[in-house]
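In: I'll drop the sequence and a predicted model, then ask my questions.
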Amino acid sequence: MEKQWFVIRNEKHVGPYDLDSLDEMHHSGKVELDTFVWKEGWDEPRTYKDLLFELEGVPDLPPPIPFDAAIKSPLVRDEVIPLESEKIEYLEDTNDHEEIDLESTAVDNQGLIEEEASRRKSKNTKYFKVVLGSILLLVLVLLTAFYLLKQNNKVSKPSQMKLLDFEALTSLIDKNELSTKVEFYLSKNRSTIWMGTSNPYTGEVVLKISSIYGRHLGDVEVEALSYGELKSNIATFDQITFTKGEKIVEGYYNIEAYTTKPLQVPFTQKFSDDRDTMISFKGVVYLGLLKSQKFEKALALKNKKEQTNEKKFWEELREKYLTIKMITIQIQNAMNDIFKENEKSWKEKVANFENEYKAKYGDFFTSFVLANEINYNELEQKDFPDKLEVISNYARLSRIAKAIGTSTMDSLNLFESIDKGADLEDQVRNKFQGIIDLCDQKMEMINTTKL
């Protein structure tokens, strides 16, 4: 089909499209009946509604029931000539008067009476036919209008909806249950969510969704908000705002759908039922295109992979605690040499330790903390069961590394201001031993509960 039609949006011509594309855009709500369209050769744009009328014409109403054109209006009354039961006529002659036969006159009058009765009966019959015909015509017009309204409200399949989902939607509508039932469907391109309902009323519906941890195929959790218009038993949510994640992924979601004001009742339902004019739904719903068996299989593979990654995270964390412990022991041993008896002076031993620490460990702690912060930020973007616990341990490792550097500098300041003594040796040793013991506790926890 030729692409010759342009849609005018914000004083710009978008297109061209063929008629089928315009029809799909109309059903999805992107082209309204009053949206202007144009094609080459037109002097000015026209509305999409005018285009439909030009192409298809205005459908005729069913022809009226014919009536006898000779029937007079029931509001016009024929003149009735009053009859007398007896009529006596006298003929005047120049000589005498002769009375007319009364019996003959009565017979003539009876004939006139019967003729008038027959005429009235015929008139009443015609009047009844006119009234009956008018009633039938009114009923026919109402039925036609009702049918056209029903056809106008009949839901059509959105282009991106799966056939099985549309069949489920039509089945839900056909049940025509008075209590409001809802179902949710995801479009093929995962950009639109539909809410089908047994409620035929119209109005705005609010939709909130949040993915269930461990029950979806995405790498991150999903939270989103959308507003849709309910009409013809279906609400369309195609403008979705994500507060977490960037797209709808296959899986189970906590869904909340509700109205903030009463729905509007269409004319065809005003006298036929008494449904709720508010919608309030909360529940767990599967949004996806995979069949149940395929989804569960894919989910099992994803969870297995995440468990493998989780084990890897804990193994890396244990190695980091072990590294911190070994470095702390080396610093503790080097510091113990300050307290050993030899020919060197106290200040000379302190200076040797400071030089050794700066050469071997100063840069190490700086680079360790920086690398640890990078790993922390990377873990925040991943999803696995013990994510919060793992990243909290990474934060603790950075604090331990900084504490070792601070404790070493504090000890050097003490060495420079105080002479050698047993109390000073115990005080310094206890600082570093506490760090070593903490690392041992964390490694034991990882070995026994995580690996």
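Out: Now that the structure is in, tell me what you want to look at. This is a predicted model, so every value here is computed, not measured.

In: residues near Lys123, how many?
Out: 15 (other CB atoms under 10 Å). Using the backbone N, CA and C atoms, a C-beta is placed for each residue, glycine as well.

In: Hmm, I typed the wrong one, I wanted Leu290.
Out: 15.

In: Excluding chain neighbours, what is closest to it?
Out: Leaving aside its sequence neighbours, Leu290 sits nearest to Glu250 (CB to CB, 6 or more residues apart in numbering; 5.9 Å).

In: List the contacts of that neighbour.
Out: 216-218, 287-290, 295, 298 (CB atoms under 8 Å, 6 or more residues apart in numbering).

In: Just name the closest of the residues you listed to Ala403, please.
Out: For the contacts of Glu250, the residue nearest Ala403 by CB to CB is Gly218; the value is 37.9 Å.

In: Need the phi and psi values for the closest one.
Out: Per-residue torsions, Gly218: phi -80, psi 160 (degrees, to the nearest 10).

In: Surely Asp219 is in contact with Lys382?
Out: Yes: the pair Asp219 and Lys382 passes the contact test of CB atoms under 8 Å, sitting 7.0 Å apart.

In: hmm, back to that, now, which of the contacts of Glu250 lie within helices?
Out: Residues of these located in helices (DSSP state H): 295, 298.

In: any idea which of the contacts of Glu250 has the most stuff around it?
Out: Within the contacts of Glu250, neighbour counts (other CB under 10 Å) peak at His216, which reaches 25 neighbours.

In: mind checking pLDDT for it?
Out: In this model, His216 is scored at 92, pLDDT.

In: Equivalent analysis for Val182, please.
Out: At Val182, the model reports a pLDDT of 93.

In: which of Asp219 and Lys382 has more neighbours?
Out: Between Asp219 and Lys382, counting by other CB under 10 Å, Lys382 is the more crowded of the two (15 against 12).

In: residues contacting the more buried one?
Out: Contacts of Lys382 (CB under 8 Å, 6+ apart): 219, 309.

In: again with the one 3 residues further on
Out: Listed by CB under 8 Å, 6+ apart, the contact set of Pro385 reads 214, 306-307, 310.

In: I'd like the distance between the residue nearest to Leu290 and Leu287.
Out: For Glu250, the distance to Leu287 (CB to CB, to the nearest Å) stands at 7 Å.

In: Show the buried residues in the contacts of Pro385.
Out: 306, 310 (16 or more other CB atoms under 10 Å).

In: Out of the contacts of Pro385, which sit inside strands?
Out: Using DSSP state E, Gly214 are the members of the contacts of Pro385 that sit in strands.

In: need the contacts of Pro385 in TSV with distance to Tyr321, can you?
Out: TSV is the format used below for the contacts of Pro385 (distance: CB to CB, whole Å):
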residue	distance to Tyr321
Gly214	27
Glu306	23
Gln307	21
Glu310	17
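
In: what's the closest of the contacts of Pro385 to Lys450?
Out: Glu310 (8.1 Å).

In: Below-threshold pLDDT in this protein: ranges please.
Out: Within the chain, the segments meeting pLDDT under 70 span 1, 56-112, 114, 116, 141-142, 144-154, 268-273, 383, 418-422.

In: can you map out the helices along it?
Out: Ranges of helices in the chain, per DSSP H, are 19-27, 48-56, 102-153, 163-175, 292-336, 346-357, 363-380, 387-417, 422-449.

In: Out of these, the one nearest Ser232 is which?
Out: helix 102-153 (5.1 Å).

In: Apart from its chain neighbours, what residue comes closest to Leu414?
Out: Leu424 (6.3 Å).

In: That neighbour: neighbour count?
Out: 16.

In: can you offset everything so residue one is 396?
Out: Noted, 396 is the first residue going forward, which turns the last one into Leu819.

In: now it: how far from Asp805?
Out: Leu819 sits 12 Å away from Asp805, going by CB to CB.

In: what do you get for Glu651?
Out: The spacing between Glu651 and Asp805, counted by CB to CB, is 55 Å.

In: How about Tyr653?
Out: Taking CB to CB, one finds Tyr653 at 60 Å from Asp805.

In: circling back to that earlier point, of the helices of the chain, which approaches Ile629 most closely?
Out: The minimum distance between Ile629 and these falls on helix 558-570, with 6.7 Å, by CB to CB.

In: can you pull the buried residues of that closest one?
Out: 560-561, 564, 567-568.

In: helices and strands around that helix, which ones?
Out: strand 577-581, strand 588-592 (3 or more CB pairs under 8 Å, 6 or more residues apart in numbering; DSSP states H and E).

In: Now do that helix and strand 588-592, the angle between them.
Out: 30 degrees (axes from the mean of the first three to the mean of the last three CA atoms, to 10 degrees).

In: Send me helix 558-570 as PDB with only the CA atoms.
Out: Below are the C-alpha coordinates for helix 558-570, written out as PDB (Å, rounded to 0.1, in the frame of the first residue of the first chain):
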ATOM      1  CA  LEU A 558      -2.800 -13.400  20.100                       C
ATOM      2  CA  LEU A 559      -3.100 -15.600  23.200                       C
ATOM      3  CA  ASP A 560      -3.300 -12.500  25.400                       C
ATOM      4  CA  PHE A 561      -6.000 -11.000  23.200                       C
ATOM      5  CA  GLU A 562      -8.000 -14.200  23.400                       C
ATOM      6  CA  ALA A 563      -7.700 -14.100  27.200                       C
ATOM      7  CA  LEU A 564      -8.800 -10.400  27.200                       C
ATOM      8  CA  THR A 565     -11.900 -11.100  25.000                       C
ATOM      9  CA  SER A 566     -12.800 -14.100  27.200                       C
ATOM     10  CA  LEU A 567     -12.600 -11.900  30.300                       C
ATOM     11  CA  ILE A 568     -14.800  -9.300  28.700                       C
ATOM     12  CA  ASP A 569     -17.300 -11.900  27.400                       C
ATOM     13  CA  LYS A 570     -17.900 -13.200  30.900                       C
END
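
In: ok now do His611, which residues does it touch?
Out: 617, 644-648, 694.

In: switch the cut-off to 6 Å
Out: Neighbouring residues of His611 by CB atoms under 6 Å, 6 or more residues apart in numbering: 644, 646.

In: Look up how far Asn698 lies from it.
Out: From His611 to Asn698 the distance is 11 Å (CB to CB).

In: Same question for Ile604.
Out: 21 Å.

In: Give me the residues contacting stretch 621-635.
Out: 548, 550, 568, 587-592, 595, 597-598, 600-602, 619.

In: right, and out of those, which lies closest to Pro411?
Out: For those, the nearest to Pro411 is Thr587 (24.3 Å; CB to CB).

In: Endpoints of stretch 776-788, how far apart?
Out: 16 Å (CA to CA, to the nearest Å).

In: And that stretch, what's buried?
Out: 778-779, 782, 785-786, 788.
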